[in-house]
Structures are given as structure tokens and as C-alpha cells.
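Student: Need a 3D model of the sequence below.
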Amino acid sequence: MNYLRLIPAAGALALAGCATVGDLADNRVGQTTLRFANGLPAGTVQLLSNGQTVTLAVAGTGMSPGEHGFHLHTTGKCTAPDFTSAGGHLNPGGQTHGALSPGGKHLGDMPNLTIGENRTGSAQVELTGDARVVLDEIFDEDGTAVVVHAGADDYRTDPAGDAGSRIACGVLSSV
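Tutor: Numbers count the residues shown, from 1 in each chain. Below you'll find the model as predicted:
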């Protein structure tokens, strides 16, 4: 059996299970395909807005089971193998990292993405702030990347939550 063919199929199945994302398709304002360093797909991200709020919907596939930190990064560039081209977290307010830090989370902070034994997982996150301001930050001149890390984010260690290496990346584009 060709397991490489199963990876995209698993991603499609993961997205099919996200009825809420499908229901909001008319509200999609951005999207990306996450890719591993070897170029294989690692999932999808959709950015949705109803004019009042912005929601990020991620569906990961082919990742190791467990918790994975994922964040919005300052630069819309995903150069393999380490994806450091994406820069640091999207943090226009200059806050410390993590929901458990004294200052609270910043725009680029996301909850951990839980990947199941079937190597898929999904999450929806409402981004904090005025929708227009949030979208302006994401779609600024140098763009924004979504980066997935090898381990869990501890929600407090500055600057990146001690989540380990960057294993997947995708550049958000407007639709």
C-alpha cells in the first residue's frame, strides 16, 4: 500500500469532519496548506471572518500523535528545512508569550493542536481583537505564516512556548 497517498486523503477526511468550517465557507478570507520540510502536505488552515470576529480553523494530518504548538508568525515565508524564515510570533503589541504568562497571550498565540492516533486533528480558534485590525496585521506587507511545532506549547515560556522545532509551515493568502 502506498502510504504517501493516504496522507492527502486523511487531510481531506479531517476537513470533511469540520462541519462548522464548511458552514462558514462564505466567510473565508484567507487560507493556506501546511507543508512539512519535505514538501508533503501537513494540513490546511482557513481564516474566517463575519466582520466582527476572525476565526482560524486548522486541520492537521500526518503529524505524530500528541500536542503540537502552533502559532501565527510575523513573516509570510516558509523556507525548509527549519522554517525560521517565518520569523517570530505575530505580536504587534509586544506582549510576552502565552496565555499563562502575566501579560496574557498575544495575537500569534494559539492553543495546542491535538493530533490523534490516526495522525489527524483539528481546532478552531477565535483570534483576539477587532476583526479589521487583526486582518490588517495578518495581511500586512510581508504576510503571515502559520507554523506547527514538534511539541506542546507550555503557554508561558517566552518567546515560543518551549514547543520545540518547527515541523510544518504555510503562508496565509487572502481569498
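Student: The spatially most central residue of the chain pairs with what?
Tutor: Centroid check for the chain by CA atoms, centre = their mean gives V146 as the closest residue, at 4.2 Å. Beta-bridge pairing of V146 under DSSP bridges involves L72, G170.
Student: distance of it from Q52?
Tutor: As judged by CB to CB, to the nearest Å, V146 and Q52 stand 22 Å apart. Glycine gets a C-beta too; all of them are placed from N, C-alpha and C.
Student: low pLDDT regions in this structure?
Tutor: In the predicted model of the chain, residues 1-26, 94-98, 100-107, 156-162 satisfy pLDDT under 70.
Student: Mind doing that once more with 50?
Tutor: 1-22 (pLDDT under 50).
Student: quick one, helices of it?
Tutor: 3-16, 19-23, 131-138 (DSSP state H).
Student: before we move on, the earlier item: the residue nearest to the centre of the chain touches S173, doesn't it?
Tutor: No. In this structure, V146 is not within contact of S173 by CB atoms under 8 Å, at 11.2 Å.
Student: which residues are common contacts for the two?
Tutor: Taking CB atoms under 8 Å, 6 or more residues apart in numbering as the criterion, V146 and S173 both touch T32.
Student: Just give me the neighbour total for S165.
Tutor: S165 has 12 neighbouring residues, counting by other CB atoms under 10 Å.
Student: swap that for G88, sorry
Tutor: Neighbour tally, G88, other CB under 10 Å: 14.
Student: repeat for the one 3 residues further on
Tutor: Close neighbours of N91, defined as other CB under 10 Å, add up to 20.
Student: I figured it hits G108, correct?
Tutor: Yes. Contact criterion CB under 8 Å: N91 and G108 qualify, at 5.5 Å.
Student: Find the residues that touch each one of these two.
Tutor: With CB under 8 Å, 6+ apart as the test, N91 and G108 both reach T74.
Student: Can I get stretch 141-149 in PDB? Just the C-alpha atoms.
Tutor: Provided in PDB are the C-alpha atoms of stretch 141-149 (Å, rounded to 0.1, in the frame of the first residue of the first chain):
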ATOM      1  CA  GLU A 141       3.100  43.900   3.500                       C
ATOM      2  CA  ASP A 142       5.300  40.800   4.400                       C
ATOM      3  CA  GLY A 143       2.400  38.400   5.200                       C
ATOM      4  CA  THR A 144       2.000  35.900   7.900                       C
ATOM      5  CA  ALA A 145       2.900  32.200   8.300                       C
ATOM      6  CA  VAL A 146       1.200  29.500  10.300                       C
ATOM      7  CA  VAL A 147       3.900  27.300  12.000                       C
ATOM      8  CA  VAL A 148       3.400  24.000  13.700                       C
ATOM      9  CA  HIS A 149       5.900  22.800  16.300                       C
END
